[in-house]
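[1] Curious how this folds, go ahead:
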Amino acid sequence: MEAQAEKPAGEHESSLNERGKADLSEYLTFIMGSEEFGVDILAVQEIRGWEPVTAVPNAPRQVCGVMNLRGTVAPVVDLRVCFGVDERVYTDKTVVIVLKIATQDKSREKVVGVVADAVADVESFSAEDVQASPELGTYSHMRYVKGLGRTDQKMVILLELSEHLLREQDELVTSDLRDRDGATMDDSDLA
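    So this is what the prediction gives:
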């Protein structure tokens, strides 16, 4: 019978830690109002301090304008408008989190900036730490909530953002109604 070579204690612990880490998802968390939100850390391209943006005529209300990111023009979205959070004046503590988000057909990514009051931390959540988002009706902004991440001290609203952020909120509600009912509607159905 062959004797199996024992692994050094540190090597065994290291492989367990690596396996445990593989089951965790990391989120950049940020503050908006009195709530903490999180986005997948892999979607974050950069974090910038607030600087004035170029307004775009007839843009949806949640689109503050556009900014130039080394030659790429990126829309900047205020999630407060999308989520119905009280509006706030932008200060020197306000940040823009630049994200790569999926397009509707998932064939490519689009660069978008989202405004936040401040960046909080990077949190790791296991699948057991994430609770499905609650069913609160057909509100269009719920499509962005992936779930609620639990830590010992708090709950973090985990977001999965898409290019729908750039569409009018009324248009999203109409789209939600179409998706829910499985029927085609036109503008006269909303009157």
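[2] Can you tell me what sits against whatever helix or strand Glu26 lives in?
    Per DSSP states H and E: Glu26 is located in strand 24-32. Strand 24-32 is contacted from outside by 36-42, 44, 47, 79-80, 83, 85, 95, 97, 116-126, 130, 149, 156, 158, using CB atoms under 8 Å, 6 or more residues apart in numbering. All C-beta atoms are positioned from the backbone trio N, CA, C, and that covers glycine.
[3] Please name the strands paired to it in the sheet, noting orientation.
    Looking at strand 24-32 with DSSP bridges, its partner strands are strand 35-40 (antiparallel), strand 118-126 (antiparallel).
[4] buried residues in the last one?
    Taking 16 or more other CB atoms under 10 Å as the neighbour-count basis, strand 118-126 is seen to contain the buried residues 120, 123, 125.
[5] how about it as PDB, C-alpha atoms only?
    Output in PDB follows, covering the C-alpha atoms of strand 118-126 (Å, rounded to 0.1, in the frame of the first residue of the first chain):
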ATOM      1  CA  ALA A 118     -20.700  58.400  -2.300                       C
ATOM      2  CA  VAL A 119     -19.000  55.100  -2.800                       C
ATOM      3  CA  ALA A 120     -19.300  52.900   0.300                       C
ATOM      4  CA  ASP A 121     -17.200  49.700   0.000                       C
ATOM      5  CA  VAL A 122     -16.700  46.500  -1.800                       C
ATOM      6  CA  GLU A 123     -18.900  43.700  -0.300                       C
ATOM      7  CA  SER A 124     -18.700  40.000  -1.000                       C
ATOM      8  CA  PHE A 125     -21.900  38.000  -1.000                       C
ATOM      9  CA  SER A 126     -22.400  34.200  -1.300                       C
END
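[6] Show me what the next helix or strand after it packs onto, helices and strands only.
    Tracing the chain C-terminally past strand 118-126 and defining elements by DSSP H and E, one meets strand 130-132 next. If contacts are counted by 3 or more CB pairs under 8 Å, 6 or more residues apart in numbering; DSSP states H and E, strand 130-132 sits against strand 145-150.
[7] What would whatever helix or strand comes next after the strand it packs on look like as PDB? C-alpha coordinates only.
    For strand 145-150, the following helix or strand on the C-terminal side (DSSP H and E) is strand 155-159. In PDB, the C-alpha atoms belonging to strand 155-159 read as follows (Å, rounded to 0.1, in the frame of the first residue of the first chain):
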ATOM      1  CA  MET A 155     -29.100  45.000   3.700                       C
ATOM      2  CA  VAL A 156     -27.700  46.100   0.300                       C
ATOM      3  CA  ILE A 157     -30.000  46.600  -2.700                       C
ATOM      4  CA  LEU A 158     -28.100  44.700  -5.500                       C
ATOM      5  CA  LEU A 159     -28.700  46.100  -8.900                       C
END
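[8] Lovely, talk soon.
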